[in-house]
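Undergrad: What would the 3D arrangement of this be:
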Amino acid sequence: MPYRPEYTIEINPNFGKKMGMSKTELKHIGIAVLALSVSFTILYMGVRNFFSTNWVINTLGWFGFSIVAVTFSFLLHELGHKFVSQKMGAWAEFRMYPAGLIMGLIVSILGILIAAPGAVMIYGRINDKENALISIAGPAVNGVLAGLFIALSFVTTGGISALLYLIAHLNVVLAIFNMLPIMPFDGSKIYKWSKPVYFVMVAILIALYIAIRFI
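TA: Numbers count the residues shown, from 1 in each chain. Next comes the predicted model:
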């Protein structure tokens, strides 16, 4: 989800339109992806499986899956916010939340998922409509990816099909979660700007979830 402070600063109108990432942002993204992948691995495997006979192979397998799942859900969600923000002339970079990363690792041991590793920080003169469009980008990316991966799961078999299905499921759950109409979630900015757009998006995502869950 994007985060924009209440104050704004004057920037060069063309500054944000150049797509790219700083070394600091790449570092923060790398740490966040790795930490969230570890959390997913612990959650999917369960603590007791770390003491099984083949725990090394199982851990590496689940960790590899987790990196793919995180990349094609959380990371692309945040990059959707970032690139739309930059297109609108704002400065936008991802920053991790160390407390969120640590909390996610701790609660994953209890079988609970908290995916709050960070957010895209936005600075610039952004009005309510632009803020809503930036917020729409994240869940929209997840919705498109969910539809794509569930379609691909039908034309593949075995482990690949299962992996694609799980990534589709993760994407749609992440999108719906971020559509909650309360701060700081994306849904709060969309709801404030246009209630019809908000409810149409929620309806589409719920329909997609039902299709993925019960097909």
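Undergrad: List the contacts of the spatially most central residue of the chain.
TA: The chain has Phe74 as the residue nearest its centroid, 2.4 Å off, counting by Cα atoms, centre = their mean. With contact set as Cβ atoms under 8 Å, 6 or more residues apart in numbering, Phe74 has these partners: Ala32, Val33, Leu36, Ala115, Pro117, Leu174. For the C-beta atoms, the positions are set from N, CA and C on the backbone; glycine is no exception.
Undergrad: Could you pull out the strands in this structure for me?
TA: In the chain, the segments counted as strands under DSSP state E are 2-3, 91-96, 118-123.
Undergrad: one step back: tell me which of the contacts of Phe74 fall in helices.
TA: Taking DSSP state H as the definition of helices, these contribute Ala32, Val33, Leu36, Leu174.
Undergrad: Could you measure from the first one over to Val197?
TA: Think Ala32. To Val197, Ala32 is 29 Å away according to Cβ to Cβ, to the nearest Å.
Undergrad: same thing with the third one?
TA: Leu36 sits 29 Å away from Val197 when distances are taken as Cβ to Cβ.
Undergrad: Repeat that for Glu25.
TA: In this view, Glu25 and Val197 are 29 Å apart by Cβ to Cβ.
Undergrad: Neighbour count for these two, which is higher?
TA: For Glu25 versus Val197, neighbours defined as other Cβ atoms under 10 Å are more numerous around Glu25 (18 against 14).
Undergrad: Would you map out the domains in the protein?
TA: 1-126, 127-215 (automatic domain parsing).
Undergrad: Which one of those domains has the poorest average confidence?
TA: Comparing the domains of the chain by mean pLDDT, the weakest confidence falls on domain 1-126, with a mean of 80.
Undergrad: Not counting residues beside it along the chain, what's closest to Val38?
TA: Computed as Cβ to Cβ, 6 or more residues apart in numbering, the closest residue to Val38 that is not its neighbour in sequence is Leu105, at 6.3 Å.
Undergrad: wait, the one you found sits on Ile42?
TA: Yes: assessed by Cβ atoms under 8 Å, Leu105 is found in contact with Ile42 at 7.4 Å.
Undergrad: Quick check on those two: which one has the bigger neighbour count.
TA: When neighbours are counted by other Cβ under 10 Å, Ile42 comes out ahead of the other of Leu105 and Ile42, with 25 against 15.
Undergrad: sorry, back to before: next, format the strands of the chain as a markdown table and append distance to Trp55 and mean neighbour count.
TA: Compiled in a markdown table, the strands of the chain are given as follows (distance: least, Cβ to Cβ, whole Å; neighbours: other Cβ atoms under 10 Å):
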| stretch | distance to Trp55 | mean neighbour count |
| --- | --- | --- |
| strand 2-3 | 38 | 20 |
| strand 91-96 | 28 | 20 |
| strand 118-123 | 29 | 22 |
